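[1] using only what follows, build the 3D model:
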Amino acid sequence: MSRYRDEHLVYLMMLLRAEGRMSRRSISERIGIGEGSVRSALAHLASEGMVETNRRGVALTEGGCGFLDGLGFTVV
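    I've put the predicted structure just below:
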């Protein structure tokens, strides 16, 4: 499994929007990067206010939803 890149961050956020709260393991399996890389990516996104993490998993914040809306495209 590879280290995360910028496109992984956007995909991770889009995945959380579509699926709702998820575990790091589930995210790792879905986007194809290691759980350690997912942890680093989530720490970065959390520092920017894009995601929140707790014992139940990771979820996209309102700020994260707003960021995705600002990208101007949708994935079906």
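[2] use CA for all of it now, contacts and neighbours both
    OK.
[3] now the strands for the chain?
    Taking DSSP state E as the criterion, the chain carries its strands at 51-54, 57-60.
[4] now for these, which one comes closest to Ile27?
    For the strands of the chain, proximity to Ile27 was assessed by Cα to Cα; strand 57-60 is nearest, at 9.2 Å.
[5] tell me what that closest one is packed against?
    Identification of packing neighbours for strand 57-60 by 3 or more Cα pairs under 8 Å, 6 or more residues apart in numbering; DSSP states H and E yields helix 6-19, strand 51-54.
[6] buried residues in that strand?
    Neighbour-count burial for strand 57-60, counted by 16 or more other Cα atoms under 10 Å, picks out Val58, Ala59, Leu60.
[7] the closest residue to the last one other than its chain neighbours and Gly32, how far apart?
    Looking back up the chat, that one is Leu60. Leaving aside its sequence neighbours, Leu60 sits nearest to Val51 (Cα to Cα, 6 or more residues apart in numbering; 4.4 Å). Plainly put, Val51 is 19 Å away from Gly32 if you go by Cα to Cα, to the nearest Å.
[8] cool, and Gly63?
    Gly63 sits at a distance of 25 Å from Gly32 (criterion: Cα to Cα).
[9] over to Glu62?
    Noted for Glu62: a distance of 25 Å to Gly32, by Cα to Cα.
[10] so these two - more neighbours on which side?
    The residue with more neighbours, out of Glu62 and Gly32, is Gly32; 15 against 12, by other Cα atoms under 10 Å.
[11] tell me the pLDDT at that one?
    Looking at Gly32, its pLDDT is 89.
[12] repeat that for Val38.
    95.
[13] for it, list the residues it contacts.
    If you count contacts by Cα atoms under 8 Å, 6 or more residues apart in numbering, Val38 has them with Tyr4, Arg24, Ile27, Ser28.
[14] measure the first one to Glu19 for me?
    Think Tyr4. Distance of Tyr4 to Glu19, given as Cα to Cα: 20 Å.
[15] report the contact partners of the residue nearest the centre of the chain.
    In the chain, the centroid-proximal residue (Cα atoms, centre = their mean) is Leu12; its distance is 3.1 Å. Going by Cα under 8 Å, 6+ apart, Leu12 touches Ile27, Ile31.
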